[in-house]
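>>> Prediction below, plus the sequence it came from.
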Amino acid sequence: IKNSKVYVPIEAFIYDYPLDLRYIEELKLLIMDYKSVKHPLGKLKGSGTNMREDASMQSPIVKNLKGDEEIIVFGEDKDWYKVRIKDGYAGYINKSLLEVDFNGDKFSSEVDVKKEAKRPLNLTWDYTYGPQSQISINNITYIPGVNTICPPWFSLKNENGDLIDRGNIDYVNNYKNLGIDVWGYLDNSFDAEITNKALSSTTTREKIISGTMELLNKYGLKGLNIDFEHLTTKERDLLNQFLKELYAICRVNKITLSVDVTPQISKDVNKEVYDRKVIANNCDYVMLMAYDQHWSSSDKAGSVAEYKWVEGNINNLLRQIPGDKFILCVPLYTRVWSIDKNNKVSSQSIGMKEVQNIISSKNLKSTFDDVAKQNYVEYTDGDLTKKIWIEDEYSLAHKASLINKYNLAGLASWRKGFEAPYIWSVIKDSLKY
């Protein structure tokens, strides 16, 4: 409540009811439509007319229509139709001036907005930058619930558009035999300068796209994950153009395209590295890397991805990324924070098994942080204070529950090798297959 007015969060409507909610910035106008109701559309018979506030020629004019507006017809009042411009104001138009296409019931008909249930994406990245041994490939086993695995095999090598290939066909075949899809992966070697020079050239962009398609065909991969990081705002529009061109080729070749993005920091997209709304229009999935809330060089100890922070980033970006394209990416790692006598902070990333080894070897007892939705331990090691916000079955179950709460398209985890064996079943159960 503010100034005696009751405010209701948008999320209370758009996630639980079949509503389409849009804010028209230039008009300062909030529009809400039922997705389950279809209204007839009208077209002006002449070159233009006046839309009035009420069903009367003496009523004030709301807007002078030019003839090219999309007009929704809601009802009638004697010689007038009650109407609204699709993205604008409502009012009345005389029936003699409007041609209406009635379909079904006169002014409204029910629409089935239910979509065929689609199995959520459950992807994990497999960190295999170096050549894999045949022994490790032979030891590939089924991962409960995971339907897609993505090894980071391909990289942009230089500004000329040459690519690095670390692929292995036996790896692909072994996972496919287990019913798990393998997606290709292309990064920019996390180098902004190489990225800028390469994507600035139409010829080089074409070379990168062509080379990537050749690699996907070589290994029989039907998905591609783009992970371009450590960029500046100078590369934002170049990346958008690259993805637009790449997506067109992916659609022709029936390749599922996904793109990794970070949480949004600034409200001004011009200050952001990624234009997430544009990216969402040029791929099948947008992968929100919802981790590193407190990163390796942070001057403050904290969770890698506390629940409230993750949910806040989902709410922020659902205005730019449609839910059916939105993939929540979660960490399987945590950080052990070390704080010295001078309050200098450092950290080390470790997996779930290592965390449990520390807890058992030091006979530690964790407490539950209800804000972070994580178990937490703190202990001393010599002159250092150690802090760990633990990623485990409890933290992952809470974060995975957000997929169903917000009707997202699935979950991805970074990375295979950090997990405890039981964690795959926890994620699978949370996704409600």
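That came through fine.
>>> Pretty sure residue 414 sits against residue 125.
Yes: using Cβ atoms under 8 Å, residue 414 makes contact with residue 125 at a distance of 5.4 Å. C-beta: built from backbone N, CA, C; applies to glycine.
>>> Give the residue farthest from the middle of the protein.
Most distant residue from the mean C-alpha position of the chain: residue 58, 50.4 Å away (Cα atoms, centre = their mean).
>>> partners of the spatially most central residue of the chain in the sheet?
Residue closest to the average C-alpha location in the chain (Cα atoms, centre = their mean): residue 326, at 3.4 Å. Beta-bridge partners for residue 326, by DSSP bridges, are residue 286.
>>> ditto for residue 82
Residues in beta-bridge contact with residue 82 (DSSP bridges): residue 75, residue 92.
>>> now the strands for the stretch 151-300 of the chain?
With DSSP state E, counting those that start in this stretch as the criterion, the stretch 151-300 of the chain has strands at 154-156, 163-165, 181-182, 184-187, 223-227, 256-261, 285-289.
>>> Could you say which one of the ones you listed comes nearest to residue 24?
Closest approach to residue 24 among these (Cβ to Cβ): strand 285-289, 24.2 Å.
>>> List the buried residues for stretch 138-157?
140, 143, 145-157 (16 or more other Cβ atoms under 10 Å).
>>> Residue 193: which of those residues is nearest?
residue 156 (11.4 Å).
>>> Excluding covalently adjacent residues, which one is nearest to the closest one?
In space, and not counting its chain neighbours, residue 156 is closest to residue 188: 4.8 Å by Cβ to Cβ, 6 or more residues apart in numbering.
>>> Count the residues that sit near that neighbour.
Using other Cβ atoms under 10 Å, residue 188 has 23 neighbouring residues.
>>> any idea how far it lies from residue 197?
Separation of residue 188 from residue 197 (Cβ to Cβ, to the nearest Å): 11 Å.
>>> Next: residue 31.
For residue 31 relative to residue 197 (Cβ to Cβ), the value is 44 Å.
>>> What of residue 244?
19 Å.
>>> Give me the mean pLDDT for stretch 276-296.
The average pLDDT within stretch 276-296 is 97.
>>> Going by neighbour count, list what's buried in it.
So for stretch 276-296, counting by 16+ other Cβ under 10 Å, buried means 276, 278-294.
>>> Between the two ends of that stretch, how far is it?
25 Å (Cα to Cα, to the nearest Å).
>>> How about stretch 37-47?
Stretch 37-47 end-to-end distance (Cα to Cα) = 29 Å.
>>> Just the buried positions in it, please.
Buried-residue list, stretch 37-47, by 16+ other Cβ under 10 Å: 38, 39, 40, 41, 42, 44.
>>> For the fourth one, name its beta-bridge partners.
Assessed by DSSP bridges, residue 41 has beta-bridge partners residue 72, residue 101.
>>> Relative to residue 56, how far out is it?
Taken as Cβ to Cβ, the span from residue 41 to residue 56 is 24 Å.
>>> rewinding a little: closest to residue 432 out of the buried residues of stretch 37-47?
residue 38 (30.2 Å).
>>> Would you list the phi and psi of that closest one?
Residue 38 adopts backbone torsions of phi -110, psi 130, taken as degrees, to the nearest 10.
>>> where's it relative to residue 99, distance?
Residue 38 is 18 Å from residue 99, by Cβ to Cβ.
>>> And for residue 361?
79 Å.
>>> list the contacts for the nearest residue to residue 294 once chain neighbours are set aside?
Spatial nearest neighbour of residue 294, excluding adjacent residues (Cβ to Cβ, 6+ apart): residue 302 at 3.7 Å. Applying Cβ atoms under 8 Å, 6 or more residues apart in numbering to residue 302 gives the contacts 293, 294, 337, 389.
>>> If we use 7 Å, what do you get?
Taking Cβ atoms under 7 Å, 6 or more residues apart in numbering, we find residue 302 in contact with 293, 294, 389.
>>> which ones are touching the second one?
Going back to what we said before, that points to residue 294. Neighbours of residue 294 in contact, by Cβ under 7 Å, 6+ apart: 300, 301, 302, 303, 304.
>>> what does the first one give?
Residues in contact with residue 293, defined by Cβ under 7 Å, 6+ apart, are 302, 303, 304, 305, 306, 309.
>>> do the same with the last one
For residue 389, the contacting residues are 302, 303, 304, 334, 369, 372, 374, 376, by Cβ under 7 Å, 6+ apart.
>>> out of the residues you listed, which are buried?
Buried, going by 16+ other Cβ under 10 Å: 302, 303, 304, 334, 369, 372, 374, out of those.
>>> Is the second one in contact with residue 374, as I believe?
In other words, residue 303. Yes: using Cβ atoms under 7 Å, residue 303 is in contact with residue 374, at 6.1 Å.
>>> ok, back up a step: in CSV, list the contacts of residue 389 along with pLDDT, secondary structure and distance to residue 27.
Below are those laid out as CSV (pLDDT from 0 to 100; DSSP: H, G, I helix; E, B strand; the rest coil; distance: Cβ to Cβ, whole Å):
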residue, pLDDT, secondary structure, distance to residue 27
302, 97, coil, 41
303, 98, coil, 41
304, 98, coil, 42
334, 98, strand, 47
369, 96, strand, 44
372, 96, coil, 41
374, 98, strand, 44
376, 98, strand, 48
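>>> Closest one of those residues to residue 91?
Using Cβ to Cβ, residue 372 comes nearest to residue 91 of these, at 50.5 Å.
>>> Can you read off the pLDDT for the closest residue in space to the closest one that isn't next to it in sequence?
Once flanking residues are discounted, residue 372 sits nearest to residue 306: 3.6 Å by Cβ to Cβ, 6+ apart. Residue 306 is assigned 98 on the pLDDT scale.
>>> residues near residue 306, how many?
Residue 306 has 21 nearby residues by other Cβ under 10 Å.
>>> who are the neighbours in contact with it?
Contacts of residue 306 by Cβ under 7 Å, 6+ apart are 293, 371, 372, 373, 374.
>>> repeat for residue 367
By Cβ under 7 Å, 6+ apart, the contact set of residue 367 is residue 376.
>>> do residue 396 as well
330, 423, 426, 427.
>>> Which two among the residues you listed are spaced furthest apart?
330 and 426, at 11.2 Å, using Cβ to Cβ across the contacts of residue 396.
>>> Can you pick out the residue with more neighbours from these two?
In this view residue 330 and residue 426 are compared by other Cβ under 10 Å, and residue 330 has more residues nearby, 23 against 20.
>>> which non-adjacent residue is nearest that one?
Residue 330 sits nearest to residue 399 (Cβ to Cβ, 6+ apart), 5.0 Å away.
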